[in-house]
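K.L.:
need coordinates for the below:
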Amino acid sequence: MIESNTRKELEQQIEDYVNGKLSPSEVDELWAELIQDEYYMDYMKSVANLKKIAKKQSRQRSNVIPLFKSRNSWFAMAAAAVVLIVGSFALFDIVTDTNQVQPVSSIELDYYRSSDLETGRNLDVIREVIVMANNGNVDQAMNLLDSEIQNEDDPDVRAELLITKGSISYNSGDYNSAIQSFETAVDENVSDKLILEKAYWYLGNSHFQQNNMDQALVAFQNAHELNGAYSRITESYLKALNTTD
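P.N.:
Below you'll find the predicted structure:
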């Protein structure tokens, strides 16, 4: 068996994440691994889906609807719902040959990794627009996002909403609109580094799709300099793109 597919420690971290047992810093460390490992990203989704099925069966037996009151419960609930919501979106199309990197084909709508899970209203809105978009109601999703962005004062929440809006545009092939959303997101006074990293990473890919390579490199470099979960993937893109002049 391939060695990378038998990493028991990582598997245990995924189990703990789905069950809401990881601290915020441990979650960030886990995602630094998952965004570069397609096998374990799929493994995480499978674990989350199995947990959801088990919960559903348990609720059917007890006929009781549980109330989610804690941060850990929100983590478990949101993670368990990921497979039904994100459908067939792929997070990264990473090419192992760094001389042949390509922009990602689609952006996974990852509300379950939001840093704002304690705020139920914001989680509900992001979940709602993702369902709308996945059902083909893109205009309705965008209108709801625009309304929420206009009425939101928290820079981190605004940036998350803008990233969701940009991701929907990206997946629809509207890269100009995606660029506008991601550029607005990075201009917010964001305190959560992961949010800022995501915005720069997606902005770089949007420019890459448009063959705006100078702008793509700047965005990838900004993400890389934050030295967080996206540092390794952006480093591989920077190396590849800087050698393909």
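K.L.:
what's downstream of the helix or strand bottoming out on mean pLDDT in the chain, the next helix or strand?
P.N.:
Lowest by mean pLDDT, DSSP states H and E among the helices and strands of the chain is helix 82-86, with a mean of 35. Using DSSP states H and E, the next helix or strand after helix 82-86 towards the C-terminus is helix 120-134.
K.L.:
so what touches the next helix or strand after that following helix?
P.N.:
Per DSSP H and E, the first helix or strand lying C-terminal to helix 120-134 is helix 138-151. Where contact means Cβ atoms under 8 Å, 6 or more residues apart in numbering, the residues beyond helix 138-151 that reach it are 122, 125, 128-130, 132-133, 158, 161-162, 164-165, 168, 172. (C-beta placed from N, C-alpha, C; glycine too.)
K.L.:
closest to Gln102 out of these?
P.N.:
Ser172 (18.5 Å; Cβ to Cβ).
K.L.:
how about the contacts of helix 138-151 in a markdown table, adding neighbour count and pLDDT?
P.N.:
Formatted as a markdown table, the contacts of helix 138-151 follow (neighbours: other Cβ atoms under 10 Å; pLDDT from 0 to 100):
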| residue | neighbour count | pLDDT |
| --- | --- | --- |
| Asn122 | 20 | 66 |
| Val125 | 21 | 84 |
| Glu128 | 16 | 88 |
| Val129 | 25 | 88 |
| Ile130 | 23 | 87 |
| Met132 | 19 | 88 |
| Ala133 | 23 | 86 |
| Arg158 | 21 | 94 |
| Leu161 | 27 | 93 |
| Leu162 | 24 | 95 |
| Thr164 | 27 | 93 |
| Lys165 | 26 | 95 |
| Ile168 | 24 | 94 |
| Ser172 | 14 | 93 |
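K.L.:
redo those as CSV? Include distance to Gly204.
P.N.:
Output for those, formatted as CSV (distance: Cβ to Cβ, whole Å):
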residue, distance to Gly204
Asn122, 25
Val125, 26
Glu128, 28
Val129, 23
Ile130, 22
Met132, 27
Ala133, 22
Arg158, 20
Leu161, 20
Leu162, 16
Thr164, 18
Lys165, 17
Ile168, 18
Ser172, 19
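K.L.:
so the residue lying closest to Glu152 once chain neighbours are set aside is in which element?
P.N.:
With Cβ to Cβ, 6 or more residues apart in numbering as the criterion, Glu152 has its nearest non-adjacent residue at 4.9 Å, and that residue is Arg158. Using DSSP H and E, Arg158 sits within helix 155-171.
K.L.:
check which helices and strands that helix is in contact with.
P.N.:
With contacts taken as 3 or more Cβ pairs under 8 Å, 6 or more residues apart in numbering; DSSP states H and E, helix 155-171 sits against helix 120-134, helix 138-151, helix 175-187, helix 193-209.
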